[in-house]
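[1] here is a sequence together with a model predicted from it:
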Amino acid sequence: MYGKIISIDTRYFRLPLEGNLVDAIHGKHSFFEVITVEVMLESGVKGVGYTYTGGIGGAAIAVMIEKDLTPLLIGKEMQCPETMNQMMARGIHYVARGGIASFAISALDIAFWDAMLKQKGMGLSGYLGNPSSKVPVYYGGIDLMLTEKELLSQIEGQMGQGHNAFKIKLGRQDGDEDIARVRAVRRLIGDKAVFMVDANMAWDEVTAIEMAKRLEEFRITWLEEPTDPDDYEAYARIGQATSIPIAMGENLHTIYEHEMALRIGHIKCPIPDASNAGGITGFVKVAGLAGQYHLKVHSHGMQELHVNILAGLENRGYIEFHSFPIWQYTKRPLIIREGYLEPSDLPGTGVEFDWEKLEKMNQ
């Protein structure tokens, strides 16, 4: 027990994005949404959590937290985050099997972890049991509609920031253009650099297999979301048809979906996101599941938080340095050194927001 929950403050932010950020499924991203929660305990400890979206659904997430989850939680004794997560899922179970509810639960789960860790005086990676001094990172661009010249210039800029692993978007109408861009990037970064590609569900199964075979010569670390993430059998067939490891996870919101992706889809690179997979609790469960399949677990987005989770996991893989710059609204800078990020050792989750900057940039 950590004390009674006396208040929950929910805030919604709509934050601008710069550049021609386009992918195959969402189109152009002009802004993104961040929903924050501050859970106050009677002891005076405050836990901060959050989630984010690509620009749709954030207001609904905030309302679900305010109207459905807050009344369920106020006055309750805070227990361990796993128990609180289960309480929230059961409390709104009829609408809580993924979707918007998973984002709302995730934000609060992260806040409960933050409060628990602050009371214990522990950092997240240390609590998870295997603190590392660094986590390998790759730059994940939202760059589908950049010209080849613009794409190469962007990657050169990221190389100057310390990155040595990269992911680009695929899914142009003409597959030859995708291949030409992959060839140009591989030439730029060199034969040994880690290089991923992400189709954002752009292809059907037949096209995905065809493109995967064409991509094999470029030594691709993984092919992410080649088709509809709900079609687990198609993922298995795509994986069987190519030597490139198949990745997915950002659109899977429950542990059951992640389990089916591994058991039925036979994916080799699970990539959960704590913002929508049940928070830190959900992410750690997916990591444990991946470990049962002798796989590493990677992360999508939220690099300011995920670095502190992955650093504590034995089967940690790559952390994505995402193009939604949530970290720029926190007080801790993220510095890439030779392709690695270092975790925070401060008590809590390691994420402390700059509220003044958030309010100033809120659209």
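    Here it is on my side, so go on.
[2] when you work out contacts or count neighbours from here on, use the C-alpha atoms and nothing else.
    Will do.
[3] now do the contacts for the residue nearest to Gly123 when sequence neighbours are not counted.
    Leaving out its chain neighbours, the residue that sits closest to Gly123 by CA to CA, 6 or more residues apart in numbering is Pro347, at 4.3 Å. For Pro347, the contact set (CA atoms under 8 Å, 6 or more residues apart in numbering) comprises Asp114, Leu117, Lys118, Lys120, Gly121, Met122, Gly123, Leu124.
[4] in helices only, show me those.
    Asp114, Leu117, Lys118, Lys120, Leu124 (DSSP state H).
[5] drop anything exposed from those residues.
    Asp114, Leu117, Lys118, Leu124 (16 or more other CA atoms under 10 Å).
[6] and of these, the nearest to Ala234?
    Leu124 (36.5 Å; CA to CA).
[7] for that closest one, give its distance to Val351.
    Using CA to CA, to the nearest Å, we find Leu124 at a distance of 10 Å from Val351.
[8] same check, this time on Met248
    Met248 sits 26 Å away from Val351, going by CA to CA.
[9] higher neighbour count, the two?
    Per other CA atoms under 10 Å, whichever of Met248 and Val351 has more neighbours is Met248, with 30 against 21.
[10] just to revisit the earlier point, farthest pair in the buried ones among the ones in helices among the contacts of Pro347?
    Lys118 and Leu124 (9.6 Å).
[11] what is in contact with those two at once?
    In terms of CA under 8 Å, 6+ apart, Lys118 and Leu124 are both contacted by the residues Pro347, Gly348.
[12] what about Glu38, which SS state?
    Secondary structure for Glu38, judged by DSSP: H, G, I helix; E, B strand; the rest coil, is strand.
[13] correction: the previous question concerned Pro71.
    In three-state terms, and counting by three-state DSSP, Pro71 is helix.
[14] and the strands in this protein, which stretches?
    Counting by DSSP state E, the chain has strands at residues 5-16, 22-23, 27-28, 31-41, 46-53, 135-140, 165-169, 194-198, 223-224, 246-248, 269-270, 297-299, 316-321, 340-341.
[15] using TSV, please lay out those together with mean pLDDT and distance to Asn308.
    Shown next, in TSV, are these (pLDDT from 0 to 100; distance: least, CA to CA, whole Å):
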stretch	mean pLDDT	distance to Asn308
strand 5-16	98	23
strand 22-23	86	28
strand 27-28	86	30
strand 31-41	97	18
strand 46-53	98	14
strand 135-140	97	9
strand 165-169	98	19
strand 194-198	98	22
strand 223-224	98	23
strand 246-248	98	21
strand 269-270	98	18
strand 297-299	98	11
strand 316-321	98	10
strand 340-341	97	10
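[16] contacting residues for Ala165?
    Val137, Tyr138, Tyr139, Ala193, Val194, Phe195, Gly339.
[17] now do the phi/psi pair for the last one.
    It stands for Gly339. Main-chain torsions, Gly339, degrees, to the nearest 10: phi 80, psi 20.
[18] what sits against it?
    Contacts of Gly339 (CA under 8 Å, 6+ apart): Pro136, Val137, Tyr138, Gly162, His163, Asn164, Ala165.
[19] got it, and the first one?
    Listed by CA under 8 Å, 6+ apart, the contact set of Val137 reads His163, Ala165, Tyr318, Ile319, Glu320, Phe321, Ile336, Gly339, Tyr340, Leu341.
[20] which one of these is nearest to Ile5?
    Among the contacts of Val137, and counting by CA to CA, the member closest to Ile5 is Ile319, at 32.6 Å.
[21] so which bits of stretch 7-15 are buried?
    For stretch 7-15, by 16+ other CA under 10 Å, it's Ser7, Ile8, Thr10, Arg11, Tyr12, Phe13, Arg14, Leu15.
[22] could you pull out the helices in the protein for me?
    With DSSP H as the criterion, the chain has helices spanning 58-64, 70-73, 81-91, 99-120, 124-128, 148-160, 175-189, 205-215, 232-241, 255-263, 279-292, 303-310, 355-361.
[23] give the other helices and strands that the longest one contacts.
    By that I understand helix 99-120. Counting contacts by 3 or more CA pairs under 8 Å, 6 or more residues apart in numbering; DSSP states H and E, helix 99-120 packs against strand 31-41, strand 46-53, helix 58-64, helix 81-91, helix 279-292.
[24] and the ones you listed, which is most packed in?
    Highest mean neighbour count among the helices and strands packed on helix 99-120 (mean count of other CA atoms under 10 Å): strand 46-53, with a mean of 25.
[25] pull the distance from that strand to the chain's centre.
    13 Å (CA atoms, centre = their mean, to the nearest Å).
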